Structure formats: C-alpha cells, structure tokens
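> build me a model:
(2 chains)
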Protein chains: 2
Amino acid sequence: MAERYEIRFSGAGGQGLITAGIILAEAAAIIEGKHAVQSQSYGPEARGGASKSEVIIAESPIDYPKATRVNACLALTQEAADKYANGIIDNGVLLIDSDLVKRAPEGNFTLYRFPIIRTAKEEVGREIVANVVALGAMVALTGVVSYESGEQAVLARVPEAFRELNQKAYRMGFDKMKAIL
Amino acid sequence: MAERYEIRFSGAGGQGLITAGIILAEAAAIIEGKHAVQSQSYGPEARGGASKSEVIIAESPIDYPKATRVNACLALTQEAADKYANGIIDNGVLLIDSDLVKRAPEGNFTLYRFPIIRTAKEEVGREIVANVVALGAMVALTGVVSYESGEQAVLARVPEAFRELNQKAYRMGFDKMKAIL
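Numbers count the residues shown, from 1 in each chain, chains lettered A, B, ... in the order given. Below is the predicted model of the structure:
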C-alpha cells in the first residue's frame, strides 16, 4: 500500500455511505493497526441529494485529514458522479453503478462498472445493504484492507439480527468485483 | 457563533458518539445551511476502549478539517476524559458524565457535570440513547445549532420505530443541561 491512501464513497443521502466509510476505517485501524481518518464534509451542496464519505488510510499519523488526491472513488448515482468524481489521481480508480450512472466522468483513471444497487436488491435480497455490497467491491478493487478485516469490521458494526445479510452482501460485492478485475 | 466552532464527543466505542457527531453536523449544515465537517480519526490508541468523534462548524468553507482548538468537549468515560479532554481553548467548556468521570481533567475551561448515562437509563428508559441525551446537552451548552434544528436532525437519522424515544432523549438532555447553566 502507498504511504497514504484516499478513498471516497459517493452517492445519495440515505444510502449508508457514511457507514461504509466508518467500517472501512475501522477495518484498517482497529483491526489492521494502521492509522485512519473517516470524514464527511457538508457544504451548501449537501442540501441536494448527493452525499460523500471519505477515508484516509496511512501507515503513520495523518496530519492533513482532507482528501485531496483520491486513489479510489465510488459513485452510486449520476449526481454523485458529476459532483464528486474529481480529484482522482492519475492511475487511480473509479467504480460506478452501471445502472444508475449512465454518463461516466472522464479522467486519467481506470473506470469500472458494476450493478451495485441491483446486486443488493436482486441477489442479496435487500437494497438497504447496497452500501455493504459497495464496500466489498471497493475492498476487492483497492486491496487497502484484507477481505477478512473488512468482514470482521462489518460484523462488529451491524446489529446482530442483520449479520448474515450483511456478510452475504459484503462477500457478493467482493467476489463480483474480483471477477471483473 | 464564532467563525469556526469545534466540538469533540468522546467516550467508549459502542456509545454512539459517531452518530451524535453526524447528527450535529447535519443539523448545522443540512438544516441551518452552515458548513460542517464531521470526522473520526483512529490511531493505535483506537484499539483501547476510548473513542472520539469531532465536528467543526463554520460560516464559510472549512479548509483545515482537523480539530485543533476545541471549543466544547464531552467525555462520557474516565479513559476518554484522560485521553481526549485536551486542546480545549481558554474559556472553552468540558462536559463530563458525573457518575463515570471521577477525576475531572484540569484546564482553563469551564467544567460541567451531568449524569448522562444514568439519565438515559433511568429517565428515558434506555441506555442506548445516552448519545442523544449527550447531544441534547451539548446543543444546550454550546448553542451552536438551535434546539429545533438538532431535533429535526435526530428525527431524520433514527429509524421510525425509535423516533419518540430519541426525541425524548434529546429533549431530556437539552432541558437538564439548561437547568444547570
């Protein structure tokens, strides 16, 4: 892993992207012992429907906790892709929901498409876990934490009654992304 | 309000302090139209039981999103008080749980004591809403958002079935803190 790795999850409010970011940060820091900062910044644009959540992971303490050189970005909606798929470094990666983002942003990054929301709805059985499908996919795509650390962090954060559902969502996102890579 | 206002919620993992921070940031930004950044940073110390969540609220865009001059700090446990009740500015405020923090940190801030966990358990009826009691208390203490904005943000974020419980927790925290001030 690079010394500092920046990941942005973007989509619509209510899609659980803050939780996805928190789980990833906890996997990296609490489970793998790295340093991590997870944040959301809200400006006047927060009043629209688009929302983002960012995670910075590093081997040493993080002095500047704002994402400015994004290594990997997720966009679950067209509005999020238009607003937040910026600041991605050359050779970075952008993952978009292939059903909901019809116009892919352009840039010197590698673009991946995956029907994340549809996978949550039809294959896991609940749209509400789309954020965890997305998390599994981002872990597969970036390798920034191990499969197992991510799974452990998912299980630590979701309510008991929903553990199995979330475990399935995480595995489905991870496996399907791996198959695309 | 000052141009930039920094609030830290600290306690133990699992106490819901990240959620309290997110709700406060959403009250300030989505409801009141200010700028806000909410973050958690995890270092090696995250492996212990202490946990913190920070919110910065400003009238203009926030360039440096790390809390360095804390205006108001909450500490729900002794370990959190020992670790995180630092960086509070002169004339800032520290609110501690009066049952759980026996040794109050010293500094040039005003100290307030309130049995937050006990209030949640005995007066609201569920310890799990201690974070929302704490949020109500911090809103009363700081005035950084209005009572109504905080309440609206609480209701927007909690599941339907728990709205009344959380509303009661928020009001109880706010009213009891006002009575102390």
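> quick one: contacts for the nearest residue to A:Ala27 once chain neighbours are set aside?
Leaving aside its sequence neighbours, A:Ala27 sits nearest to A:Ala153 (Cβ to Cβ, 6 or more residues apart in numbering or on different chains; 3.7 Å). From N, CA and C alone the C-beta is placed, and that goes for glycine too. Neighbour list for A:Ala153: A:Ile23, A:Leu24, A:Glu26, A:Ala27, A:Ile30, A:Ile31, A:Val145 [criterion: Cβ atoms under 8 Å, 6 or more residues apart in numbering or on different chains].
> list the buried residues of the host helix or strand of A:Ala153.
Using DSSP states H and E, the element containing A:Ala153 is helix A:147-157. Residues A:Tyr147, A:Ser149, A:Gly150, A:Glu151, A:Gln152, A:Ala153, A:Val154, A:Arg157 are the ones in helix A:147-157 that count as buried (16 or more other Cβ atoms under 10 Å in any protein chain shown).
> and the gap between the fifth one and A:Ile31?
Taking Cβ to Cβ, to the nearest Å as the measure, A:Gln152 and A:Ile31 are separated by 6 Å.
> same question for the first one.
A:Tyr147 sits 12 Å away from A:Ile31, going by Cβ to Cβ.
> same thing with the third one?
In this structure, A:Gly150 lies at 9 Å from A:Ile31, with Cβ to Cβ as the measure.
> where is the longest helix in chain A?
As assigned by DSSP state H, the longest helix anywhere in chain A is helix A:163-180.
> give me the angle between that one and helix A:147-157.
Interaxial angle, helix A:163-180 versus helix A:147-157 (axes from the mean of the first three to the mean of the last three Cα atoms, to 10 degrees): 150 degrees.
> centre of the chain to the helix holding A:Ala153, how far?
14 Å (Cα atoms, centre = their mean, to the nearest Å).
> cool, and stretch A:151-166?
Counting by Cα atoms, centre = their mean, stretch A:151-166 comes out at 17 Å from the chain centroid.
> now, which of the buried residues of helix A:147-157 sits nearest chain B?
The nearest member of the buried residues of helix A:147-157 to chain B, counting by Cβ to the nearest Cβ, is A:Arg157 at 9.7 Å.
> so the closest one sits against A:Glu26, correct?
Yes: counting by Cβ atoms under 8 Å, A:Arg157 does reach A:Glu26; the two are 6.9 Å apart.
> need the pLDDT of A:Tyr64.
What the model reports as pLDDT for A:Tyr64 is 84.
> give me the number of residues near it?
Using other Cβ atoms under 10 Å in any protein chain shown, A:Tyr64 has 12 neighbouring residues.
> give me the phi and psi for it.
A:Tyr64 adopts backbone torsions of phi -110, psi 100, taken as degrees, to the nearest 10.
> what's the spacing between A:Ile89 and A:Val139?
Counting by Cβ to Cβ, the gap from A:Ile89 to A:Val139 is 19 Å.
> so between those two, which is more surrounded?
A:Val139 (27 against 16).
> show me what contacts the more buried one?
Each residue near A:Val139 by Cβ under 8 Å, 6+ apart is listed here: A:Leu24, A:Ala27, A:Val145, A:Ser146, A:Tyr147, A:Gly150, A:Gly173, A:Phe174.
> before we move on, what about A:Gly49?
Each residue near A:Gly49 by Cβ under 8 Å, 6+ apart is listed here: A:Ala12, A:Gly13, A:Thr77, A:Glu79.
> run a quick neighbour tally on the second one.
By the criterion of other Cβ under 10 Å, A:Gly13 has 16 neighbours.
> how about the last one?
A count of nearby residues for A:Glu79, using other Cβ under 10 Å, gives 19.
> and it, which of the three is it?
For A:Glu79, the assignment made with DSSP: H, G, I helix; E, B strand; the rest coil gives helix.
> tell me how far the residue nearest to it when sequence neighbours are not counted lies from chain B.
Once flanking residues are discounted, A:Glu79 sits nearest to A:Ala50: 4.6 Å by Cβ to Cβ, 6+ apart. Going from A:Ala50 to chain B by Cβ to the nearest Cβ, to the nearest Å gives 12 Å.
> same check, this time on A:Asn166
A:Asn166 is 16 Å from chain B, by Cβ to the nearest Cβ.
> what does chain A put close to chain B?
Listed as neighbours of chain B in chain A under the rule Cβ under 8 Å from any Cβ of the partner chain: A:18, A:22, A:25-26, A:28-30, A:33, A:35-44, A:46-47, A:61-66.
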